[in-house]
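**Q** attaching a predicted model along with its sequence, questions to come.
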Amino acid sequence: MNKNWKRWIALGLTISCLGSAAVMAEGVQTKSYIVHADSYQLPYKGNEKAFNHHINPGYGSALALKDIKADGTIEFYAITDRGPNGDIPTYVKNGKKVSGKFFPTPDFAPSIGVITVRPGQHRADVTESIPLKVQGKAITGKPVPKGMTGSTKEIALNFKMKDLGTDVNGLDTEGLAVDKDGNFWISDEYGPFIVKADKNGNIVEKFAPGAGLPSILASRVPNRGSEGLTIDERGHIFALIQSPLNVDGKTAKTSKYTRIVELDPVTKETKMYAYPVDTGYKNTGAAKLGDITSIGHCQFLMIEQGKQHGVMQNLVYKVDLNGATPVANNGDLEYGRLDGKLVPAKKELVLDLRANGWNIEKAEGLALLPDRRTIAVVNDNDFGMDIAVQDAKAPSADVSDYTYDSDKKVMIYNKDKSVHKVKDKSVHKVKLSLKKNAPSEQESQIWFFTLPKAL
């Protein structure tokens, strides 16, 4: 065991920055820290008092060990997703519904941060941030233009319902790992894409469905692309698809499997494997995989989460690809044509996060520390924000209660047909803005779960 890691254990397992004692369940020791990002708040021009002209960043979509210092300080690389965004009203353009999101900071560049945990000082802080760039120019997280690989056909809006446009280089970053040369490898939900970036965040290589990745991956459900990524001891890239593919628009809720993709960055060869999602969801499309991290010899840790039997679950599985059958670049897996004919990935439950104190919806970043006992997990805090609705005629309304007709430039309240009728629907004066999300979701947190035995 690394001597610095031994010192970190001695320091780190005796304190908790959330002010609670160690949680014990089934022999698991648990510690948690709020991740402070005071120097990296996002400037915000909106006038919502709760945000005081800045938004709390969210470096929690993935996690990778960077270093352990002699004094026990531990550093992780972490990554944001596409940036602050929130649900919009039903949006109608040319008589058709269009999906989309509010982007309160549309120029935000998805970024790699360094989370520094100083157990002796009771602190976890973001100490560096590296924005992603193409030819030196920062990209954004805005949607990819319609017709291009990776397009979700979403529209990006501000709170005046103005179209903010698209970005040909847009990424919704979710997975992160670092190779032996110090390059970052990142997966995203739009394409799904896998990109290689240098240590300064400059993207130098990009893989897409039909252009370096199997074309079947273009059947991902929008915003359910590649959620996690890791590199094994051979330098091979492994990326997982968050939920079952929607082949021909027919399999998103019925397929028993989602896919793990293996990419050899030298030969460019790819393989795919079947990961069996749990059976307790109302349909398999409700399964959402989080991060993945290699533990060697074709074995991995992986987060699977979602409501099972009506109860939210955040589970860490050990996944074994030894002996698993490679899956072809077609929809046979999703249609069930391979049932009984293939060997899927083997999975074994290692850790139930909620049984050990975790109370946050999204567990998205995952790393195994050098003792092979301690699992680090970070949450996606959604930048601490949600969408607020102010409507004097509907004080308890939600953003989903409205339709915006972009052709007539009118906001329509769907539930009240008694006043100001326009085509039998009610026109309301409504203000849409930011509000803070649930208290348990507002902050980025890093948790350490130490198992009774090494993996």
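**A** That came in fine, so what should we check first?

**Q** point out where this structure drops to low pLDDT.
**A** The model of the chain has pLDDT under 70 over residues 1-26, 416-428.

**Q** all helices for it, in order.
**A** Assigned helices in the chain, in chain order: 3-12, 332-335 (criterion: DSSP state H).

**Q** what is the neighbour count of the residue lying closest to Ser151 once chain neighbours are set aside?
**A** Closest residue to Ser151 in three dimensions, ignoring its sequence neighbours and counting by C-beta to C-beta, 6 or more residues apart in numbering: Val144, at 4.7 Å. In this view, the C-beta of every residue, glycine as well, is placed from N, C-alpha and C. Neighbourhood size, Val144 [other C-beta atoms under 10 Å]: 23.

**Q** likewise Asp405?
**A** Using other C-beta under 10 Å, Asp405 has 20 neighbouring residues.

**Q** so what's it bridging to?
**A** Val92, Val410 (DSSP bridges).

**Q** Asn329: what's it in contact with?
**A** Pro214, Ser215, Ile216, Met272 (C-beta atoms under 8 Å, 6 or more residues apart in numbering).

**Q** do the same with Ala438
**A** Contacts of Ala438 (C-beta under 8 Å, 6+ apart): none.

**Q** list phi and psi for it.
**A** With angles defined as degrees, to the nearest 10, Ala438 sits at phi -60, psi 140.

**Q** how close does Ile88 sit to Ser32?
**A** Ile88 sits 33 Å away from Ser32, going by C-beta to C-beta, to the nearest Å.

**Q** the two: which has the busier surroundings?
**A** Ranked by neighbour count (other C-beta under 10 Å), Ile88 and Ser32 place Ile88 first, with 24 against 21.

**Q** export the contacts of Asn329 to JSON lines and tack on neighbour count and distance to Lys66?
**A** What follows is those, written out as JSON lines (neighbours: other C-beta atoms under 10 Å; distance: C-beta to C-beta, whole Å):
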{"residue": "Pro214", "neighbour count": "18", "distance to Lys66": "31"}
{"residue": "Ser215", "neighbour count": "13", "distance to Lys66": "35"}
{"residue": "Ile216", "neighbour count": "22", "distance to Lys66": "34"}
{"residue": "Met272", "neighbour count": "21", "distance to Lys66": "29"}
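
**Q** and those residues, which two are furthest apart?
**A** Distance extremes for these: the farthest pair is Ser215 and Met272 at 11.4 Å, using C-beta to C-beta.

**Q** ranges for the strands of the stretch 251-400 of the chain?
**A** Here the stretch 251-400 of the chain has its strands, by DSSP state E, counting those that start in this stretch, at 257-263, 270-276, 288-296, 299-308, 311-320, 346-352, 363-368, 374-379, 385-390.

**Q** tell me the contacts of the closest residue to Ile360 other than its chain neighbours?
**A** Nearest in space to Ile360, with sequence neighbours left out and distances taken as C-beta to C-beta, 6+ apart, is Asn379 at 4.5 Å. Applying C-beta under 8 Å, 6+ apart, we find Asn379 in contact with Gly60, Ile360, Glu361, Lys362, Ala363, Glu364, Gly365, Glu441, Ser444, Gln445.

**Q** which residues does Asn379 bridge with?
**A** Applying DSSP bridges, one finds that Asn379 bridges with Ala363.

**Q** gap between the two ends of stretch 156-169?
**A** 15 Å (C-alpha to C-alpha, to the nearest Å).

**Q** redo the strands of the stretch 251-400 of the chain as JSON lines? Include distance to Gly210.
**A** Converted to JSON lines, the strands of the stretch 251-400 of the chain look like this (distance: least, C-beta to C-beta, whole Å):
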{"stretch": "strand 257-263", "distance to Gly210": "13"}
{"stretch": "strand 270-276", "distance to Gly210": "12"}
{"stretch": "strand 288-296", "distance to Gly210": "23"}
{"stretch": "strand 299-308", "distance to Gly210": "26"}
{"stretch": "strand 311-320", "distance to Gly210": "27"}
{"stretch": "strand 346-352", "distance to Gly210": "29"}
{"stretch": "strand 363-368", "distance to Gly210": "27"}
{"stretch": "strand 374-379", "distance to Gly210": "32"}
{"stretch": "strand 385-390", "distance to Gly210": "35"}
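
**Q** can you pull the contacts of the nearest residue to Val134 once chain neighbours are set aside?
**A** Leaving aside its sequence neighbours, Val134 sits nearest to Asn169 (C-beta to C-beta, 6+ apart; 4.9 Å). Residues near Asn169 by C-beta under 8 Å, 6+ apart: Val134, Ile139, Thr140, Ile203.

**Q** so of those, which ones are in strands?
**A** Val134, Ile203 (DSSP state E).

**Q** would you turn the contacts of Asn169 into TSV with neighbour count?
**A** Below are the contacts of Asn169 laid out as TSV (neighbours: other C-beta atoms under 10 Å):
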residue	neighbour count
Val134	18
Ile139	22
Thr140	24
Ile203	19
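
**Q** list the contacts of Lys318.
**A** Neighbours of Lys318 in contact, by C-beta under 8 Å, 6+ apart: Ile295, Gln299, Phe300, Leu301, Lys347, Glu348, Leu349, Val350, Leu455.

**Q** closest one to Gly46 out of the contacts of Asn379, please.
**A** Glu441 (19.6 Å).

**Q** gap between that closest one and Asp386?
**A** 9 Å.

**Q** what of Gln242?
**A** 21 Å.

**Q** more neighbours: which of the two?
**A** Shown here are Gln242 and Asp386; by other C-beta under 10 Å, Gln242 has more neighbours (22 against 16).

**Q** mind listing what the more buried one touches?
**A** So Gln242 contacts Glu174, Glu189, Arg220, Arg224, Gly225, Ser226, Glu227, Thr258, Lys288, Leu289 (C-beta under 8 Å, 6+ apart).

**Q** top of the residues you listed by neighbour count?
**A** Glu174 (31 neighbours).

**Q** how about it, what does it touch?
**A** 61-62, 79, 81, 187-189, 225-229, 242, 364.

**Q** so which of these belong to strands?
**A** The strands, defined by DSSP E, take in Ala62, Ile79, Ser187, Asp188, Ser226, Glu227, Gly228, Leu229, Glu364 from the contacts of Glu174.

**Q** so the closest residue to Glu48 other than its chain neighbours bridges to which residues?
**A** Counting by C-beta to C-beta, 6+ apart, Leu434 is the residue found nearest to Glu48 once chain neighbours are left out, at 4.8 Å. Using DSSP bridges, the beta-bridge partners of Leu434 come out as Ile387.

**Q** which residues touch Leu434?
**A** Contacts of Leu434 by C-beta under 8 Å, 6+ apart are Tyr44, Gly46, Glu48, Ala50, Phe51, Ile55, Gly86, Pro104, Met385, Asp386, Ile387, Ala388.

**Q** which one of the strands of the stretch 251-400 of the chain lies nearest to Gly95?
**A** Closest among these, once you apply C-beta to C-beta, is strand 385-390, at 24.8 Å.

**Q** what residues sit buried inside that closest one?
**A** Within strand 385-390, the residues scored as buried using 16 or more other C-beta atoms under 10 Å are Met385, Asp386, Ile387, Ala388, Val389.
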